[in-house]
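In: return atomic coordinates for the entry below.
(4 chains)
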Number of protein chains: 2
Amino acid sequence: MGLAKTEIFTDKQNEIAQYAKVFGHPARVAILQYLYKLNACVCGDLVDEIGLAQPTISQHLKELKNLGLIKGNVEGTSVCYCIDVDNWKKMKNVMSDFLNQDLNQKDCC
Amino acid sequence: MGLAKTEIFTDKQNEIAQYAKVFGHPARVAILQYLYKLNACVCGDLVDEIGLAQPTISQHLKELKNLGLIKGNVEGTSVCYCIDVDNWKKMKNVMSDFLNQDLNQKDCC
DNA sequence: ATTATTAATCGTAATATTGCAATATACAAA
DNA sequence: TTTGTATATTGCAATATTACGATTAATAAT
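Out: Coordinates of the predicted model:
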């Protein structure tokens, strides 16, 4: 059905999955890495940097924005994007809790 | 097209996206949390624990296994799954590098 | 041998995602 | 005001994902 049964999972599980999902495409990973590298902001040179069409990049940016991980400031005709530091930290806490649970060194069964 | 243009991204970017993608469904998050909690192994009580049909759980387990994050041991008629500790650590390193890059506190533009 | 139990696989329906061309919008410059 | 530039939105085609019923495979128990 292509549709996840979110209602049977906890809020936390859905939150983790939602964050992970947005990182689940290399274009969005690349966008975030580029925003990292330039520290401050960028605009549509993401289209040049990454080899995808402008509408495609715009769509990926929208998904990142919807989750609050980036924000965009209009600057004349262009839009300047950067990572939303506060929300990034919140995301990092959620994901770290999930990834860093203690594992017993026991082998399987 | 439903198909990511992986060839235009770096191996690392694709690797990050691939790991993230598998965490991008709450059922797989729930499976991993359950395997965490029980430390050692579990079998098809995942079907009872999570409210999805057996073929659906089996499919999610397969995806986790394909990435090497879990392994399964046949035990009679049932199969016992657990987290693959070594591969989990490798994954954690890759994801941590991505999530923990230094952020400048600068506001956008 | 037959039967039960458990898990994997197959097939399929419903929905989501990815990517882009075409178009719209919004502002700047002339 | 018209023209150019940058980004967003719309619409659509191709493919992927999710979920499950039906079936198969593999072992256990009788």
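
In: near DNA strand C, which residues of chain A show up?
Out: By CB under 7 Å from any atom of the strand, the residues of chain A that approach DNA strand C are A:1-3, A:21, A:24-25, A:27, A:52-56, A:59-60, A:63, A:74, A:76-77. Every residue, glycine included, has its C-beta placed from N, CA and C.

In: switch the cut-off to 6 Å
Out: Residues of chain A lying close to DNA strand C (CB under 6 Å from any atom of the strand) are A:1, A:2, A:3, A:25, A:27, A:52, A:53, A:55, A:56, A:59, A:76, A:77.

In: ok, and which of those residues reach chain B?
Out: By CB under 8 Å from any CB of the partner chain, the members of these lying near chain B are A:25, A:27, A:52.

In: wait, doesn't the first one sit right on residue A:56?
Out: It stands for residue A:25. No - applying CB atoms under 8 Å, one finds residue A:25 not in contact with residue A:56, separated by 10.5 Å.

In: which of these two has more neighbours?
Out: residue A:25 (23 against 14; other CB atoms under 10 Å in any protein chain shown).

In: where does that one land on pLDDT?
Out: On pLDDT, residue A:25 comes in at 98.

In: same check, this time on residue A:39
Out: Reported pLDDT for residue A:39: 62.

In: ditto for the one 4 residues further on
Out: Among the per-residue scores, residue A:43 shows a pLDDT of 72.

In: measure it to residue A:61 for me?
Out: Here residue A:43 is placed at a distance of 10 Å from residue A:61 (CB to CB, to the nearest Å).

In: likewise residue A:5?
Out: In terms of CB to CB, residue A:5 sits 29 Å off from residue A:61.

In: neighbour count: the two, which is higher?
Out: Each of residue A:5 and residue A:61 has its neighbours counted (other CB under 10 Å); residue A:61 has more, 20 against 14.

In: what about that one, which SS state?
Out: helix (DSSP: H, G, I helix; E, B strand; the rest coil).
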